[in-house]
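K.L.:
could you work out the structure for the sequence below:
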Amino acid sequence: MIDASEVRQSGFRGELIQSGDQNYDEARAVFNASIDRRPLLIARCLDADDVAIIVALARSRDLPLAVRSTGHSVAGYAVCDGGVVIDLSPMKGITVDPSARTVRVESGCNWGEVNDALQPYGLAATGGFVSITGVAGLTLGGGLGWLVRKHGLALDNLRSAEIVLPDGRNVTASSHANEDLFWAIRGGGGNFGVVTSFEFDIHEGGTVLAGIVLHPAHAASGAIRKWRDLEREAREESTLGALLFHMPDDPSLPEPMRGAPVAGLGGVYAGPLEDGERALQALREYGPPLVDKFAPTPYNEAQRMADFLWPPGLHSYWKSSYLTSLDDAAIDIVVDRFARVPSRQTVIVLENYGNSAWSRVAESATAFGHRDWPWNIVVTSAWSDAQHSERNIAWTRELLEALGPYRAPGAYVNYLGGDEGEAGLQAAYGAKLTRLAAIKAKYDPANLLRLNQNIAPAQHAGA
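P.N.:
Numbers count the residues shown, from 1 in each chain. Predicted coordinates:
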């Protein structure tokens, strides 16, 4: 047990939650319902000083320490058994400087909240395909979003970060201060400290052309091939994906579409609307589609357009890989496997980032890597009943195995499911893992921050 009164006496000002408290079960719940962990203490921090107190507590008692921003990680790293959770969710500060085109964001925010704050200025931040994704976790691992092809990843737009280190110090990391730490946190995840705030470059946003066209499942292969072919010449303003999913069983939908399997081609064109109409014309006319939902949309609303596909509270298991190519046979493999998906709540996403701002950043500039693989697949399996877990997990693994000849030697760390181990780290970081392990040894030699896609300190890694 942890004596909450002692924590209070140390100067902690936030909320302390323990087993037996009325809101304990709610506080320990995360996005993935398969994660059921029971921490000794959940500390909802108000500021960096609160964070430092809880870091010291975990360090002094050698307790497992988890860090939670919004709890969106499918691997469930935001909560632990028998340890302490630093819950950053009360830290919601957002400060916009429209003249400097920057925003400072505390780590309890999600991307929807950030872009809501930016929308009145006609500005937008690059990060987040759905609104509930946390700023902290997404940025530290990469930061895909609807502006990635035009403006890069969230971490490419990061100017500085405030970080509480495992030894309790509060430091700034930027291109001018603690440069090695700044390099590492841009892709290396939460291995090096607890980031309490981020400063980002932001961009013109306002109204974008956003939406999706839907095709019946029997036409999915042809529709995805059309998207693939158009992507090879796509403008940077256009960030589009190809999705396979089932429509909601919604009485407001036409009867043939209720619960129907579909292929969706959708996303955002972040440029002049008339240019977007021309650029997306071929995609929108192909088929023709069952539905064309592209329309001028405020950017903060566009960020929410896919939220319905990934609701919290389902059992989830994800697998992902970059692809060396996406030929017709690879598309057929994905479509064929989707036809036998065991859960209607599962979504498959194919992504393309080639010939864009994503690929213009030097490979050595950040810990994030693999910018030379433009195609990616992420299989986000989800289901309601825990009894169906084994079947859904097996199906997900089999799909990735079937794509073996197309899988590149690389993976996006934020899409890893948590069971990949050392192979996952190698796929995410490759040769950069050695440098990351050395930086880890400098800032967290005892590996206090190990409940993540963990990079062991160099001396522990045998380096």
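
K.L.:
residue 254: how many residues sit nearby?
P.N.:
By the measure other CB atoms under 10 Å, the count of residues near residue 254 is 10. In short, each C-beta sits where N, CA and C put it, glycine included.

K.L.:
doesn't residue 300 lie inside a strand?
P.N.:
No: going by DSSP: H, G, I helix; E, B strand; the rest coil, the assignment for residue 300 is helix, not a strand.

K.L.:
ok, it touching residue 119?
P.N.:
Yes: in this structure, residue 300 is within contact of residue 119 by CB atoms under 8 Å, at 4.3 Å.

K.L.:
shared neighbours, these two?
P.N.:
residue 205 (CB atoms under 8 Å, 6 or more residues apart in numbering).

K.L.:
now the most centrally placed residue in the chain: how far from residue 52?
P.N.:
The chain has residue 138 as the residue nearest its centroid, 4.2 Å off, counting by CA atoms, centre = their mean. Using CB to CB, to the nearest Å, residue 138 is found at 24 Å from residue 52.

K.L.:
just to revisit the earlier point, my read: the residue nearest to the centre of the chain touches residue 154, true?
P.N.:
Yes: with contacts counted by CB under 8 Å, residue 138 reaches residue 154, the gap being 6.0 Å.

K.L.:
which residues are in contact with each of the two?
P.N.:
127-128, 144-145.

K.L.:
quick check, nearest of the residues you listed to residue 400?
P.N.:
Within the shared contacts of residue 138 and residue 154, the smallest distance to residue 400 is 18.9 Å, found for residue 144 (CB to CB).

K.L.:
from residue 13, how far off is that closest one?
P.N.:
Taking CB to CB as the measure, residue 144 falls 35 Å from residue 13.

K.L.:
neighbour count: these two, which is higher?
P.N.:
In this view residue 144 and residue 13 are compared by other CB under 10 Å, and residue 144 has more residues nearby, 25 against 11.

K.L.:
now the helix or strand containing residue 436: average pLDDT?
P.N.:
Using DSSP states H and E, residue 436 maps to helix 432-443. The average pLDDT for helix 432-443 rounds to 97.

K.L.:
same thing with stretch 261-269?
P.N.:
The model assigns stretch 261-269 a mean pLDDT of 97.

K.L.:
again with stretch 196-209
P.N.:
Here the average pLDDT along stretch 196-209 is 97.

K.L.:
list the buried residues for it?
P.N.:
Residues of stretch 196-209 classed as buried: 196-203, 205, 207-209 (neighbour count, 16 or more other CB atoms under 10 Å).

K.L.:
where does pLDDT dip in this protein?
P.N.:
Scanning the chain with the threshold set as pLDDT under 70 gives 460-463.

K.L.:
quick one, strands of the stretch 251-400 of the chain?
P.N.:
With DSSP state E, counting those that start in this stretch as the criterion, the stretch 251-400 of the chain has strands at 261-269, 291-292, 295-298, 315-323, 347-352, 375-383.

K.L.:
now the angle from the fourth one to strand 375-383?
P.N.:
The one in question is strand 315-323. Inter-element angle recorded for strand 315-323 and strand 375-383: 170 degrees (by axes from the mean of the first three to the mean of the last three CA atoms, to 10 degrees).

K.L.:
so what touches strand 315-323?
P.N.:
31-34, 74, 330, 370, 373, 375-386, 388-389, 392-393, 396-397, 399-400, 403, 406-408, 410-412, 415-417, 427.

K.L.:
give me that answer again for 6 Å
P.N.:
32-34, 74, 370, 373, 375-376, 378-383, 386, 389, 393, 396, 400, 406-408, 410-411, 415, 417 (CB atoms under 6 Å, 6 or more residues apart in numbering).

K.L.:
narrow those to just the buried residues.
P.N.:
Using 16+ other CB under 10 Å, the buried ones in these are 32-34, 74, 370, 373, 375-376, 378-383, 393, 396, 406-408, 410-411, 415, 417.

K.L.:
so where does residue 446 fall, helix or strand?
P.N.:
Per DSSP H and E, there is no helix or strand for residue 446.

K.L.:
what's the burial count for it?
P.N.:
13.

K.L.:
any idea how far residue 64 is from the closest residue to it other than its chain neighbours?
P.N.:
Counting by CB to CB, 6 or more residues apart in numbering, residue 166 is the residue found nearest to residue 446 once chain neighbours are left out, at 7.0 Å. Residue 166 sits at a distance of 13 Å from residue 64 (criterion: CB to CB).

K.L.:
more crowded one of the two?
P.N.:
Counted by other CB under 10 Å, residue 166 and residue 64 do not tie: residue 166 has more neighbours, with 20 against 17.

K.L.:
show me where the stretch 251-400 of the chain has helices.
P.N.:
Ranges of helices within the stretch 251-400 of the chain are 273-279, 281-285, 299-302, 328-338, 357-360, 389-402, based on DSSP state H, counting those that start in this stretch.

K.L.:
next, the buried residues of stretch 283-302.
P.N.:
283-284, 286-287, 289-292, 294, 297-302.
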